[in-house]
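**Q** here you go, sequence then predicted model.
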Amino acid sequence: MSKEIYENPDLKKERQNCPFNKEEITHLLDGGKEKTIERKQLENYILSDEQLKDAVPMEYLSHADKYAEELRKACLLMHKLADSPAGQVPTLRALMGAGLGSAVLKEGNPLALHYVMFIPALMGQGTIDQQAKWLEKAYNLNMIGTYAQTELGHGTFLRGLETRATYDPKTQEFILESPSLTAYKWWPGSLGKTANYAVVMAQLYTKGKCEGTHPFMVQLRDEETHEPLPGIVNMWLNPVCISSYIHYGTYVKPTNSKLSYATMVFVRVVVCQDVTTNLRKAVTIATRYSCVRRQSELKPGDREPQVMDYQAQQNKLLPPLAATFAFQLAADHLWNLYHTANNNIEQGDLELLPDLHGLSCALKALCSSEAANFVEVCRQSCGGHGYMSCSNFPRIYGQVTAAETYEGENTVLWLQVARYLVKTRKEQSGGLSVKYLIGEEKGPKTVDTTLEGIVKLYRRAAVGLVDVAIAELDKSGRKGEAPHDAWNHAAVYLIKAAQAHARLFVVESFVDSLKEGKLSAPVRTVLSQLCELFIIYWLLERSGDFFLCSNLTKQDLLLLNSKYVELLAAIRPQAVNLVDSFDLRDEVLNSPLGCWDGNVYQRLFDEAAKSPLNQSNVHESFHKYLKPLLKSNL
Ligand SMILES: CC/C=C\C/C=C\C/C=C\C/C=C\C=C\C(=O)SCCNC(=O)CCNC(=O)[C@H](O)C(C)(C)COP(=O)(O)OP(=O)(O)OC[C@H]1O[C@@H](n2cnc3c(N)ncnc32)[C@H](O)[C@@H]1OP(=O)(O)O
Ligand SMILES: Cc1cc2nc3c(=O)[nH]c(=O)nc-3n(C[C@H](O)[C@H](O)[C@H](O)COP(=O)(O)OP(=O)(O)OC[C@H]3O[C@@H](n4cnc5c(N)ncnc54)[C@H](O)[C@@H]3O)c2cc1C
């Protein structure tokens with residue numbers, strides 16, 4: 001007799017009479033029905049392998065054992081690559097970062113940097129000959145690489161990197177050295193124990209002149225013994241300059257000195273998608289738990305309500321739910337811009353590079369910071385159980401907050417965006433993604449609180465805040481301040497302008513995607529409600545920007561507040577159906593709070609029982625330490 005599948009009765013009720021086709025949203029997020037089929041086949045292929053399951057929860061292993069266990073599974077995954085039903089590239093993308101890979105490699109993939117940065121650096125910066133020599137070796141995993149840029153003393157300021165690569169014309173070799181403790185490469189993933197090669201960013205010196213940071217291919221360890229090569233600590237190695245600019249002993253300047261930063265642009269684009277995947281996981285866990293959890297008293301004398309029925313809980317969870325769609329659609333838009341710009345750059349056309357740099361910085365900083373804040377709200381919305389390690393919130397939060405720092409610390413990236421916006425506004429040229437900055441934007445006299453009207457308000461705020469920042473810069477200039485001081489003293493305004501620009505991009509992506517998308521009426525309705533909720537939420541959160549730059553009135557704000565709470569109530573009944581549409585398997589969520597069947601309490605209990613401390617009634621430490629204390633009559 002088939003075993004009755006348990007489904008929490010509250011979750012079961014939430015799923016009844018869903019007014020829209022969940023699979024239609026799943027296909028939208030996957031990029032089409034075929035992609036969904038491919039993803040599900042791949043998930044079954046990977047998650048059915050018993051060798052990829054953890055014998056004990058990772059949190060109970062030592063540091064070294066965690067590393068060994070993750071490396072074992074990462075290598076097994078690579079062996080499975082060849083027979084994957086989804087093909088190499090889609091499989092690799094799924095196995096890196098927060099998606100399917102995180103269901104297997106809970107502490108992170110020791111081989112991630114090889115695929116996410118090392119190979120892209122070779123592809124983006126290597127000459128044809130170098131790619132012929134290294135790419136096949138890298139793809140065949142005959143070498144494991146990392147991307148070694150950050151040093152103990154520098155991560156942001158690349159022009160301040162201390163590692164030197166001095167070209168010796170006599171031997172036609174580069175001598176790489178770390179001249180000081182602060183020059184030690186620090187942070188590069190896999191550098192410690194896994195990688196045997198690295199793309200090392202170093203200051204290139206030739207004929208006594210520094211030509212700035214360039215990428216170098218460096219072998220770190222012996223390919224047979226894995227022992228560090230002689231002198232590896234001082235990095236006295238025999239590196240190869242990638243995308244060599246040394247022709248017959250003479251340095252030839254690249255067409256654009258920032259092309260060596262291209263790998264970072266690629267990863268920033270990827271990070272937007274990755275933090276969105278993590279946010280989807282957090283929202284799914286919190287939403288399902290909030291419909292299982294019953295607590296307190298809403299109506300005197302009534303049964304304890306589902307906590308999702310509190311407006312306060314809806315206010316916590318429905319904006320992040322909406323954000324997952326907003327960030328996904330914006331990340332898709334950025335990914336398309338990346339491909340267009342990259343194809344042009346390969347043909348020598350660099351025109352879109354500033355737009356791509358500006359937009360990738362903006363979206364990476366916005367998506368990572370907003371996702372980090374929303375993940376913490378999701379954790380808090382689950383009370384004490386959200387604090388448990390097995391909830392998966394601590395791990396998700398750790399991964400998303402890391403993205404606020406790596407690949408460019410967010411503040412530094414905001415200032416890069418501001419530099420691009422000020423330049424575009426002042427020069428009234430270029431600015432593919434900020435065309436509103438070119439030419440005069442006439443702000444609406446009275447505020448129109450329709451969707452289109454609110455988007456116009458976002459545009460008013462974006463252009464208005466750039467003008468406020470420029471006015472501050474000009475004011476400092478008139479006081480005789482040097483440009484670098486004026487820039488530093490306007491930083492608060494510059495960052496606000498950059499953030500307003502990033503929010504406008506996300507809002508326009510969401511609205512435009514709904515206009516262009518071939519959606520059924522029920523799906524369009526629920527996604528339009530989420531879109532309207534999200535853009536009003538952000539406006540209410542940043543109302544100061546809109547008061548400063550538009551004719552928004554107190555009345556308008558009160559009207560938008562009312563609209564916001566109406567939308568909370570309208571979306572509440574579909575919250576579980578919407579997160580079900582993400583189609584995230586329990587193994588990917590990796591949380592007893594978020595499991596599909598809602599059997600939360602039994603799963604929490606089972607998880608607690610796995611702790612080594614729960615394998616005996618009295619731990620040995622009692623006899624060593626506590627008992628003596630109890631007897632000591634202090
Ligand atoms: C599939 C999913 C897999 C995995 C999960 C996802 C992600 C995980 C992957 C990776 C995480 C793990 C590893 C992390 C790796 C790293 O962190 S690698 C190191 C990253 N480090 C940085 O990003 C450093 C940040 N600093 C900088 O970028 C620069 O130092 C700077 C901030 C730009 C300042 O440099 P500089 O002073 O030289 O620049 P400016 O003088 O301010 O500007 C000069 C002009 O250059 C233009 N510019 C600057 N940067 C770029 C760029 N990247 N591309 C294009 N153009 C650039 C800038 O706009 C100026 O132009 P101008 O205004 O016309 O003069
Ligand atoms: C999980 C993780 C993985 C990583 N993996 C790698 C890797 O594989 N390879 C690699 O090369 N690196 C890696 N990094 C390093 C990462 O790229 C750097 O930490 C990052 O670029 C920030 O640089 P920093 O640490 O020097 O911070 P700093 O720049 O020193 O930041 C300290 C403070 O100074 C402020 N600040 C700095 N410059 C300015 C400015 N111009 N204006 C205003 N404020 C400023 C920052 O906003 C910040 O508040 C990783 C980091 C993490 C956290």
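**A** Alright, I've got the coordinates. What you are looking at is a predicted structure, and each value in this text was computed from that prediction instead of being measured. Ligands and ions are numbered 1, 2, ... in the order given.

**Q** excluding its backbone neighbours, what's nearest residue 561?
**A** Excluding the flanking residues, the one nearest residue 561 by C-beta to C-beta, 6 or more residues apart in numbering is residue 540, at 6.6 Å. Heads up, the C-betas are built off the backbone N, CA and C, glycines and all.

**Q** please apply the same query to residue 538.
**A** Residue 538's closest residue in space is residue 503 (C-beta to C-beta, 6+ apart), at 5.9 Å.

**Q** sorry, back to before: could you pull out the buried residues of the host helix or strand of the residue nearest to residue 561?
**A** Using DSSP states H and E, residue 540 sits within helix 521-541. Of the residues in helix 521-541, 523-524, 526-527, 529-539 count as buried by neighbour count, 16 or more other C-beta atoms under 10 Å.

**Q** name the helices or strands packed onto it?
**A** helix 22-30, helix 311-346, helix 451-478, helix 491-516, helix 554-571 (3 or more C-beta pairs under 8 Å, 6 or more residues apart in numbering; DSSP states H and E).

**Q** which helix or strand lies directly C-terminal to it?
**A** Helix 521-541 is succeeded, C-terminally, by helix 543-549 (DSSP H and E).

**Q** CA atoms of that next one as CSV?
**A** C-alpha atoms of helix 543-549 as CSV (Å, rounded to 0.1, in the frame of the first residue of the first chain):
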residue,chain,number,x,y,z
SER,A,543,10.3,58.8,0.4
GLY,A,544,12.9,61.5,1.2
ASP,A,545,14.5,61.1,-2.2
PHE,A,546,11.1,61.6,-3.9
PHE,A,547,10.1,64.6,-1.7
LEU,A,548,13.4,66.1,-2.6
CYS,A,549,13.2,65.6,-6.4
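
**Q** other SSEs contacting that helix?
**A** Applying 3+ C-beta pairs under 8 Å, 6+ apart, one finds that helix 543-549 makes contact with helix 451-478.

**Q** and the helix it packs on, what's buried?
**A** Neighbour-count burial for helix 451-478, counted by 16+ other C-beta under 10 Å, picks out 451, 454-470, 472-473, 476.

**Q** and for stretch 208-222?
**A** 211, 213, 214, 215, 216, 217, 218, 219, 220, 221.

**Q** local confidence estimate at the fifth one?
**A** Spelled out, that is residue 216. At residue 216, the pLDDT value in this model is 93.

**Q** I'd guess it is in a strand, am I close?
**A** Yes - counting by DSSP: H, G, I helix; E, B strand; the rest coil, residue 216 falls inside a strand.

**Q** ok, the residue nearest to residue 509 when sequence neighbours are not counted - contacts?
**A** Nearest residue to residue 509, sequence neighbours excluded (C-beta to C-beta, 6+ apart): residue 330, at 4.1 Å. Counting by C-beta atoms under 8 Å, 6 or more residues apart in numbering, residue 330 touches 272, 363, 367, 505, 506, 509, 510.

**Q** quickly note the distance from residue 330 to residue 275.
**A** In this view, residue 330 and residue 275 are 12 Å apart by C-beta to C-beta, to the nearest Å.

**Q** show me the common contact partners of those two, please.
**A** Jointly contacting residue 330 and residue 275 under the rule C-beta under 8 Å, 6+ apart are residue 367.

**Q** quick one: contacts for the residue nearest to residue 561?
**A** 557, 560, 561, 564.

**Q** the helix or strand where residue 376 lies packs against which elements?
**A** Using DSSP H and E, residue 376 sits in helix 353-380. Here helix 353-380 touches helix 262-292, helix 311-346, helix 393-402, helix 410-427, helix 491-516, going by 3+ C-beta pairs under 8 Å, 6+ apart.

**Q** near ligand 2 at all, it?
**A** No - using C-beta under 6 Å from any ligand atom, we find that helix 353-380 stays clear of ligand 2, coming within 10.6 Å at best.

**Q** pLDDT score for residue 255?
**A** 62.

**Q** what about residue 621, neighbour count?
**A** By other C-beta atoms under 10 Å, 10 other residues sit near residue 621.

**Q** could you say which helix or strand holds it?
**A** Residue 621 belongs to helix 620-621, assigned by DSSP H and E.

**Q** so what secondary structure elements neighbour that helix?
**A** Secondary elements touching helix 620-621 (3+ C-beta pairs under 8 Å, 6+ apart): none.

**Q** report the distance from the next helix or strand after it to the chain centre.
**A** Per DSSP H and E, the first helix or strand lying C-terminal to helix 620-621 is helix 627-631. Chain-centre distance of helix 627-631: 50 Å, with C-alpha atoms, centre = their mean, to the nearest Å.

**Q** average model confidence for helix 627-631?
**A** 95.

**Q** the helices and strands packed on helix 521-541 into a markdown table, with extra columns for mean pLDDT and distance to residue 128?
**A** Listed next are the helices and strands packed on helix 521-541 as a markdown table, based on pLDDT from 0 to 100; distance: least, C-beta to C-beta, whole Å:
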| stretch | mean pLDDT | distance to residue 128 |
| --- | --- | --- |
| helix 22-30 | 97 | 35 |
| helix 311-346 | 95 | 12 |
| helix 451-478 | 96 | 42 |
| helix 491-516 | 97 | 35 |
| helix 554-571 | 97 | 53 |
